[in-house]
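Curious how this folds, go ahead:
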Amino acid sequence: MPTPETRPARLPQSLLTDDALPLYAQVAARLWADVSAGGAHAGDRLPSERALAARYEVSRVTMRAALTDLAARGMLESAAARGWFVAQTTALPEQEQAAAPDARGTRGGTHSVEGFADYAAKHGLATRARVLHSAVRPATVSEAETLRVGPGAALFEMRRLRFLDGQVVVLEHNRLPLALCPVLAETDFTEASLFATLRGAHPAQNPQVADYSVEARQPDATERELLEITDATPVLVAYQLAYNQDGRPLELTLAAYRGDRYHFRGSITS
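The predicted structure is shown next:
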């Protein structure tokens, strides 16, 4: 058991003041600052998600994503039907608490898939999105085979443009089995992070590994217009099938990046 002197670790000051972070990350930083300032100790129980969402004036989806983010950092832990607690661990050095996934997409040795918002937060870039379409519809036979659901099963589908520091970077088409995260259909993804929403689901859906391929080609007329391409710039078209912690297909994405605003980097491991 921790001694009374075991106090929660601090988040870096940069995370407390960076408005470019996704909303859930800003809420996580504010919450942890308040927990630390309030003299909390390891094992202390937090107020309910509903109460915290009201206190920080955000949706429960955003608050759950913030809590899940802090849990991923080892700062909080949850217990079924009991709520959220300050983690039963001694404080880690500040720089370790803030460690971001490395080039292989790992944190503390656990594989994970880095999302667009994760990348932006790590590099201090402002993000925004323009949702072109979102709906729930039946899965086609091909989609059902890929996502391992029954033909006609409910899929959440979304198309959106995504921006970094005001510059359009990518046109995304996402498809996910709605049963794994029903709140997808109620979330405003002009602000919310898709991966943070998945991580905040009950049960959590953590993108752990992905099949990924990319090819270059000339943009079609729609891509040229939406990505604001006026010259011979190609698009890099990326196909991603992400799997959750149980090895189940979680997210099927086709993304068209402006070739002059995207750099693919990967690592090969055995």
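
CA only for contacts and neighbour counts going forward, please
OK.

Give me the distance between the two termini of stretch 43-61.
In stretch 43-61, first residue to last residue: 24 Å (Cα to Cα, to the nearest Å).

What's the mean pLDDT across it?
Mean pLDDT, computed over stretch 43-61, is 89.

Can you give me the buried ones in it?
By 16 or more other Cα atoms under 10 Å, the buried positions in stretch 43-61 come out as 43, 45-46, 49, 52-53, 59-61.

Please apply the same query to stretch 29-36.
Those would be 29-33, 35-36, for stretch 29-36 by 16+ other Cα under 10 Å.

Among the buried residues of stretch 43-61, name the ones in helices.
49, 52-53, 60-61 (DSSP state H).

In JSON lines: those residues, plus distance to residue 114.
Formatted as JSON lines, these follow (distance: Cα to Cα, whole Å):
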{"residue": "49", "distance to residue 114": "25"}
{"residue": "52", "distance to residue 114": "27"}
{"residue": "53", "distance to residue 114": "26"}
{"residue": "60", "distance to residue 114": "23"}
{"residue": "61", "distance to residue 114": "20"}
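
between the buried residues of stretch 43-61, which is closest to residue 85?
Using Cα to Cα, residue 45 is the member of the buried residues of stretch 43-61 that sits closest to residue 85, with 4.3 Å.

show me the contacts for the closest one.
83-86 (Cα atoms under 8 Å, 6 or more residues apart in numbering).

next one: residue 198
Counting by Cα under 8 Å, 6+ apart, residue 198 makes contact with 181, 204-206.

Pick out whichever of the residues you listed sits closest to residue 222.
Closest to residue 222, out of all of the contacts of residue 198 and judged by Cα to Cα, is residue 181, at 30.0 Å.

Tell me the spacing between the closest one and residue 253.
Per Cα to Cα, residue 181 is found 16 Å from residue 253.

so residue 164 sits right up against residue 120, yeah?
Yes: counting by Cα atoms under 8 Å, residue 120 is a contact partner of residue 164 at 7.4 Å.

Find residues that contact each of these two.
126-127.

what's the distance between the closest residue to residue 177 other than its chain neighbours and residue 210?
Excluding the flanking residues, the one nearest residue 177 by Cα to Cα, 6 or more residues apart in numbering is residue 155, at 4.7 Å. Taking Cα to Cα as the measure, residue 155 falls 19 Å from residue 210.

who's more crowded, these two?
residue 155 (26 against 20; other Cα atoms under 10 Å).

Which residues does that one form beta bridges with?
residue 137, residue 177 (DSSP bridges).

got a pLDDT number for it?
97.

what about stretch 233-247, how long is it end to end?
For stretch 233-247, the first and last residues are 37 Å from each other (Cα to Cα).

how about that stretch: buried residues?
For stretch 233-247, using 16+ other Cα under 10 Å, the buried residues are 234-244.
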